[in-house]
Structures are given as C-alpha cells and as structure tokens.
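Student: need a 3D model of the sequence below.
(2 chains)
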Amino acid sequence: MITFKKYTLIFTSMFMFVSSPMRSQESLYPTLDLMDEYFTNSSTQNASIVQHFTLEASIRSVTYNEDGSQNITTFTASTFENELNNLRKVYDLFQEPVVLLSQGYGALETFFCSVHTRLVDTLNNDTINIRSIQSFQLVNKTGWKIHHLTIQNENPWSPISEKLWPKELTKQIEIERAEVAESSGTEFDTYDPNRVYSTDEVDEAPVYPGRKELFQSLLETFDVVTTANETHTPFTIEIQEDGLAALKYVNDLSEAQIAKAKSFVNSMLIWYPAIKDKASVRCKLIMYIQ
Amino acid sequence: MRALILIALLSLSAGSIFSQSPNNESPQATINAFFKASAAADDSTRQAIFSSIFLNDGQVNSVNQMERSAPSKLGTWETFLEESASFYTAYDLSFDEVERTINYYEDIASVRSLVYQTVAVKNSIVVEYEQFLWYTFDLIYQKNGWYISSVTWINAIESQPIDDALIQDTIWHTLKK
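Tutor: Residues are numbered from 1 along each chain as shown, chains lettered A, B, ... in the order given. A predicted model of the protein is given here:
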C-alpha cells in the first residue's frame, strides 16, 4: 500500500480531483483525497462535511476559558457541521492542512497534522488566523471515512514546532499575520476594549502603586519573580481597565502554587492600568512563582 | 457564543506530559494500563482499568483486515467490554508490544503501537492463534491525567508487510492562500 512511504512529498492541489472526471476512477491516495475533500468542503460556504465521517464518528475540540479552565467538547459530524455553520454566519471560513504526519495499514490510517484556519469577518474584513494541531483516525468502511478527530488550538506560550509549521511553507501566512498586526496599529484604528494586550503592545504598561520596595516586598512574600529562571514556574495575571488584578493562566502550576498565586493577586493594591490610544486597556503580565 | 469554541480561546495549556495520576500520569502510562487491562482475564479488572483510562464516551474500534474486505466494529469502550466478555471467557490473551511511537502537542497525543497478540484456549497451553495488531490511540489530557478518547486496531495479513504501519510519511501541503 501507499507506495510513497518514506518520502516527503508535496500534495499540491487535490482540489483538481474534486471536479475532475478522474475522480470517478480509483485514486492512488484515497486517504489524502478524503482529507482534501474534507478541508475543501469545510472551507466552502454551504458545503456539507457530514458525508466524510462515519455514522459513529466523534469530533473533540479542546478549548480553554479565560480563567484557563479546560473544555472538551464532543461533537457528532452533524453537530460539528452546525458549529462550522455558526462560524460561517459571521466569517468566511478557510482552513487547510500544513504538514501531515501519516501512518497507516490496510483499512486504518492516521493523520497528525498542523492546520491553518483563517476567519474573515464578512462585515469589516477583520481577519483571524488560527494555528491548530488536529489528529485524525480514518477507517475504510465502504469507502474511507473519518472516524475520530481531535482538535487542539495553538497555545501561544507553546508554539507549534518548526517540523509541523516549516517556514518555507508558511511564510505567506506569517506575512499576512504581520500585515494584519501592522494595519491594526495605524492611526485609523483604536484600541479594542475586549482585547487583553501584552506589555509591548500598549503605550504605557501597568504600574503598581507606591514605592518600588512595596511591590518588591509583595513579590518576595509569595516567592514570585518577574523574570524567568529555572526554579520558578510562569503564570499570568491580567490588569483590567479599572486596575484590578486577576489571576489568569495557571495551568503549569501545582495546586499549592495556584493557591499561593491567588493569595499573591488578592494581596495586590489597585494598579494604574495600561494605557493605549489614551485609554486604559486590559493588559497581561507574565510572572514566575516558586 | 458557541462559535467562540472554534475561534480559539486559545490553548492555555493544561497538559504536562509528566502529570500525576496512577494509571494515566502520562500517555505512556495510559497505554500500558490499556494493554494490562486488555490482557486481564477478569471482567471486573478490565472494567475498572478501562473506566479509569477512557473518556466517558471513549471509542474502542477494531478493523478485521482480510484480503478483500475489512469489516469494522466501532463503538464505545463499554460496548466493547460487553461484547467481548464471552471471548474472554473462552480465551486467555497476551500482548507483547514491539514498537510504540507518539506525536503530541499540549493536551492531545496520538500514539501508535505494534503488538504481537497471542490468543490461547482458556486454562490450557493450546494457542488458538497469534497475530500482529497495529493500534492507534488518540488521547486527551484532562484534569489530572491522560485519557483515551479513541483507540482503533487492525490485524496484519500476510499479503501486506506490517512494517508498512511503522513508517511515518511527512506530507507538506501546498498552501492555497
């Protein structure tokens, strides 16, 4: 089977096959055809994806709430399609695989792949680029079907590896991402009140009130430092527009560290919030706790 | 709001590959527990271990590869335990793992394993059959451990070398936009 094993290859546009008369003939790479049709249809308004899944298929997405708590949502093919349709009401949805790691035998095939998803707001053309890792199990049951799919969006603190997101292949996407970021900094744009900025995106970073020694004392009391080192674990806090601090990303911390981080945040005075475009904005700070 | 699910309230990572919990402190520990349970003669042992290493609605699927067809059984781990109980009454199973590979990112992992399975008549030394099985697992880190969301296996047949399953292809997709 799969005569191209061991070789790295580029599968250019199987999109051709979709509309080609060749499609009716037996394909050399039926599992790649299925993947291609799935991504093509998921990127096409009003196109269905249900037929690409087994009746018993599960699709699981791993997402996170703002407080860092995890949601594992399980969909059937139909409910997953509903989810895509909800997105399509607001966005033009486009997604495609970037690098696929494939293994298979007989009627069973797996793909562990990086995926680029682009959402373009139909009203104002605002663009969101998302990188994710998706794991597929395919079975050949009266034709190849997806039987299980797991989706994990990229954690910005833990970027997808170069192996799965090679520069040679993704250069164009990164340029688009940079252009979007650059355009959002023009004089015609204003701050987004719902966005949590990082300190290098704001005009003035949040400032803890009082003398420096006061903040230093607070840090020492809770074994917190503001620069990375080998003995401390990172977490984030958010300084909101009104200066109140909130504990955010804590998923690398132990239970004891989380409890200590909560006490640390609860002990804080009200900060001077970050400033952007002459307005106070939400801003995240990365700290490290022992 | 539901649309936000896919937009990415991005992954504030939970899963350390080295997290704590008896049967599923790591993907490797979860897979070890799976094979331990699969070889257990006692129904209650299989039930206890499976319930600790599978998501509630985790899948157990098997593909019976034959020369001209490959019928499959797709279902949940609970269905599998029910339907395989009579088989375990008649036979003793053992699994010798030959090779295991893993791809993972944050809270998801994909594990492939090549296993040599021996099926012997219960309480005897008569081997009914032996075969290679190739397993593929999808796991998710949740709360304090790694849980199997889906496992599918397929048997080797003579006309196709099982080595095919062990070779990972890397495929670069030509990006359209």
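Student: where do the strands sit along chain B?
Tutor: Secondary structure of chain B (DSSP state E): strands located at B:54-63, B:72-76, B:91-105, B:108-121, B:127-142, B:145-155, B:169-173.
Student: please identify the deepest-packed of the ones you listed.
Tutor: strand B:145-155 (a mean of 25; mean count of other C-beta atoms under 10 Å in any protein chain shown). (Each C-beta comes from the backbone N, C-alpha and C, glycine too.)
Student: anything in that strand near chain A?
Tutor: Yes. With C-beta under 8 Å from any C-beta of the partner chain as the criterion, chain A is reached by strand B:145-155 at B:149-150, B:152-154.
Student: swap in stretch B:34-48?
Tutor: No. Stretch B:34-48 lies apart from chain A when judged by C-beta under 8 Å from any C-beta; the minimum separation is 15.4 Å.
Student: would you mind writing the CA trace of that stretch as CSV?
Tutor: Listed in CSV are the C-alpha atoms of stretch B:34-48, where the atom choice follows Å, rounded to 0.1, in the frame of the first residue of the first chain:
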residue,chain,number,x,y,z
PHE,B,34,-4.7,-0.3,28.4
PHE,B,35,-2.7,-3.4,27.5
LYS,B,36,-2.7,-4.6,31.0
ALA,B,37,-6.5,-4.4,31.0
SER,B,38,-6.7,-6.0,27.6
ALA,B,39,-4.8,-9.0,28.9
ALA,B,40,-6.8,-9.3,32.1
ALA,B,41,-8.9,-12.4,32.3
ASP,B,42,-11.1,-10.9,35.0
ASP,B,43,-14.1,-8.8,33.7
SER,B,44,-14.0,-6.5,36.7
THR,B,45,-10.3,-5.8,36.3
ARG,B,46,-10.9,-4.7,32.7
GLN,B,47,-13.9,-2.7,33.7
ALA,B,48,-12.0,-0.9,36.5
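Student: burial count for residue A:84?
Tutor: 19 (other C-beta atoms under 10 Å in any protein chain shown).
Student: quick check on the residue of the stretch 151-290 of chain A found nearest chain B: phi, psi?
Tutor: Of all residues in the stretch 151-290 of chain A, the one sitting closest to chain B is residue A:155 (3.8 Å; C-beta to the nearest C-beta). Backbone torsions of residue A:155, given as degrees, to the nearest 10, read phi -90, psi 120.
Student: identify the bridge partners of it.
Tutor: Residue A:155 has the following beta-bridge partners by DSSP bridges: residue A:158.
Student: hmm, it is touching residue B:106, no?
Tutor: Yes. Residue A:155 lies in contact with residue B:106 (C-beta atoms under 8 Å); the separation is 5.4 Å.
Student: residue A:239 touches residue A:280, doesn't it?
Tutor: No. Using C-beta under 8 Å as the test, residue A:239 is too far from residue A:280 to be in contact (9.3 Å).
Student: out of the residues of strand B:145-155 next to chain A, which comes closest to residue B:134?
Tutor: Within these, proximity to residue B:134 (C-beta to C-beta) peaks at residue B:154, which comes in at 5.4 Å.
Student: and the gap between the closest one and residue A:39?
Tutor: Going from residue B:154 to residue A:39 by C-beta to C-beta, to the nearest Å gives 25 Å.
Student: where are the low-confidence patches of chain B?
Tutor: Residues of chain B that meet the criterion pLDDT under 70 lie in B:1-22, B:175-177.
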